[in-house]
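Student: Predicted model and sequence below, questions to follow.
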Amino acid sequence: MAYFDAASAAPLHPVARQALLAALDDGWADPARLYREGRKARMLLDAAREAAAEAVGCRADELVFTPSGTRAVHTGVAGALAGRSRVGRHLIVSAVEHSSVLHSAEAFEAEGGSVAQVPVHRTGAVSPSGYAAALRTDTALAVLQSANHEVGTAQPVAEVAEVCRAAGVPLLVDAAQSLGWGPVEGGWSLLAASAHKWGGPSGVGLLVVRKGVRFAAQGPADERESGRAPGFENIPAVVAAVASLRAVRAEAAQESVRLRELTERIRARVPRLVPDVEVVGDPEHRLPGIVTFSCLYVDGETLLHELDREGFAVSSGSSCTSSTLTPSHVLKAMGVLSEGNVRVSLPLGTAEEDVERFLAVLPGVVAGARDKLGAPAAAAPAAAEPAALVVDALGKRCPIPVIELAKVFPGVPVGGTVRVLSDDEAARLDIPAWCEMREQEYVGEEPADGGTAYLVRRLG
């Protein structure tokens, strides 16, 4: 089995396994106690904190360990907003943040706060000017990921941090995807990360709050982890998490070059091997191991199952997977094709042969999935006679509305239009994306009985 889903959870690093087993013998006692076993546990915890702080680029007393990366985000957002509540109740996030950030924003809005979402370019990147435009006198906090978890696009954190610093607003960085590759540059104020993203055990997160940032931890007070992460510390897991962070950092320079070459190979060859594919995300400013592409006329769930049968574990932001009926919020914000989406995220040590085998298998898998849905094999010449066409795809889910459009389009004369009726949210992204790929005109949308009408004009 070739595991290509490291962006969800990286395999446990061998160093993490060794450190975990060793720490189980010495790190089981209460580090708050003064007897020998407690002192041994405290020494392990303190050493791990010092090492983690060095890797992050902060002071040891600014860093606490949390039960997860999600908890680190929730705690960081809530604490920073509460600490600056006198300034105002306005929060800024990007439209492509991880769900943990967006859920925090939803909870803040439900309590009466206001939230601004900064849009992204088609590559998935924000612009510092977008954050500058969103800033207000009552802005309490801004949040930005260091790199996107679905498409790998790296964000201009240093530039956004400078914009926020000039306005006196702290910036919280979600560094979950990038911290294993190196420290986050720039004058950020808070940082959150998760160990299972870099090959540590699950259940360990990091939260950094710089000195001078107003912060008020929410919930019942606790004497552990500066009151910011209540509960008994899982010292063996913490030790393993930090050991793996140091190990992957030592390998990062060499592996970055190797994995970037492998993902570049996928980015370049998939469009040549598989027709009607859109590779998404920034082609240059991105993480080394992530590449994402979307395939027209493909059921995302079928595609993932077929790739699994061929021995490849990948993930998807498609709206046609069993876990969701709406497109990935990241792909939606980018305005790119969502159907048949595949995210390949390579873990450290990925073999070149596995990538070549994936490229050999993929065309047949996509062709088989398209064949099952009756998708058109290739564009046909336009018919001579004019035709006014309406495609009724109401009640049909991604990718059927686009398949039905593609089937009738050869019969549309140049200058003619097709009106696609659909109640599937994914059609709002996929039909314009199909038009761009086919170099046809997307006229727009209008309300229709039972759903929405999408108008497409044939240009040639």
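Tutor: Structure's in. What do you need?

Student: switch to C-alpha atoms for all contacts and neighbour counts from now on
Tutor: Noted.

Student: Now do the contacts for the spatially most central residue of the chain.
Tutor: Nearest to the mean C-alpha position of the chain, by CA atoms, centre = their mean, lies His149 at 2.2 Å. Each residue near His149 by CA atoms under 8 Å, 6 or more residues apart in numbering is listed here: Ala7, His98, Gln177.

Student: Run a quick neighbour tally on the last one.
Tutor: Meaning Gln177. Gln177 sits with 26 neighbouring residues when counted by other CA atoms under 10 Å.

Student: now it, what's its secondary structure?
Tutor: Secondary structure for Gln177, judged by DSSP: H, G, I helix; E, B strand; the rest coil, is coil.

Student: Next up, phi/psi of Leu81, please.
Tutor: phi -60, psi -40 (degrees, to the nearest 10).

Student: Give the helix, strand or coil label for the closest residue to it other than its chain neighbours.
Tutor: Distance criterion CA to CA, 6 or more residues apart in numbering; nearest residue to Leu81, sequence neighbours excluded, is Ala140 at 5.9 Å. Recorded secondary structure, Ala140: strand (three-state DSSP).

Student: Mind jotting down where the helices sit in the stretch 151-300 of the chain?
Tutor: 157-167, 235-273, 300-309 (DSSP state H, counting those that start in this stretch).

Student: Enumerate every residue touching the residue nearest to Leu81.
Tutor: Ala140 neighbours (CA under 8 Å, 6+ apart): Ala80, Leu81, Arg84, Ser85, Val87, Gly88, Arg89, His90, Leu91, Val169, Pro170.

Student: So what touches the host helix or strand of Val73?
Tutor: Using DSSP states H and E, Val73 falls within helix 69-83. Contacts with helix 69-83, where a contact means CA under 8 Å, 6+ apart, come from 66, 89, 91, 100-101, 104, 140-141, 172, 174, 176, 190-195, 203-207, 209, 213-218, 228.

Student: What subset of those is buried?
Tutor: Burial by neighbour count, judged by 16 or more other CA atoms under 10 Å, picks out 66, 89, 91, 100-101, 104, 140-141, 172, 174, 176, 190-195, 203-207, 209, 214-218, 228 from the contacts of helix 69-83.

Student: Quick check: the gap between the residue nearest to Ala333 when sequence neighbours are not counted and Met334.
Tutor: Nearest residue to Ala333 in three dimensions, chain neighbours excluded: Ala95, at 6.1 Å (CA to CA, 6+ apart). Separation of Ala95 from Met334 (CA to CA, to the nearest Å) stands at 9 Å.

Student: Spell out which residues are contacts of both of those two.
Tutor: Shared contacts of Ala95 and Met334 (CA under 8 Å, 6+ apart): Val120.

Student: got the buried residues for stretch 264-283?
Tutor: 264, 266-267, 270-271, 274, 276-282.

Student: what's the domain layout of this protein?
Tutor: By the assignment in automatic domain parsing, the chain contains the domains 8-214+230-248, 253-373, 389-457.

Student: now these in a markdown table, with mean pLDDT?
Tutor: Listed next are the domains of the chain as a markdown table, based on pLDDT from 0 to 100:
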| stretch | mean pLDDT |
| --- | --- |
| domain 8-214+230-248 | 97 |
| domain 253-373 | 91 |
| domain 389-457 | 91 |
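
Student: can you put those domains in JSON lines and add distance to Asp222?
Tutor: Below are the domains of the chain laid out as JSON lines (distance: least, CA to CA, whole Å):
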{"stretch": "domain 8-214+230-248", "distance to Asp222": "5"}
{"stretch": "domain 253-373", "distance to Asp222": "36"}
{"stretch": "domain 389-457", "distance to Asp222": "44"}
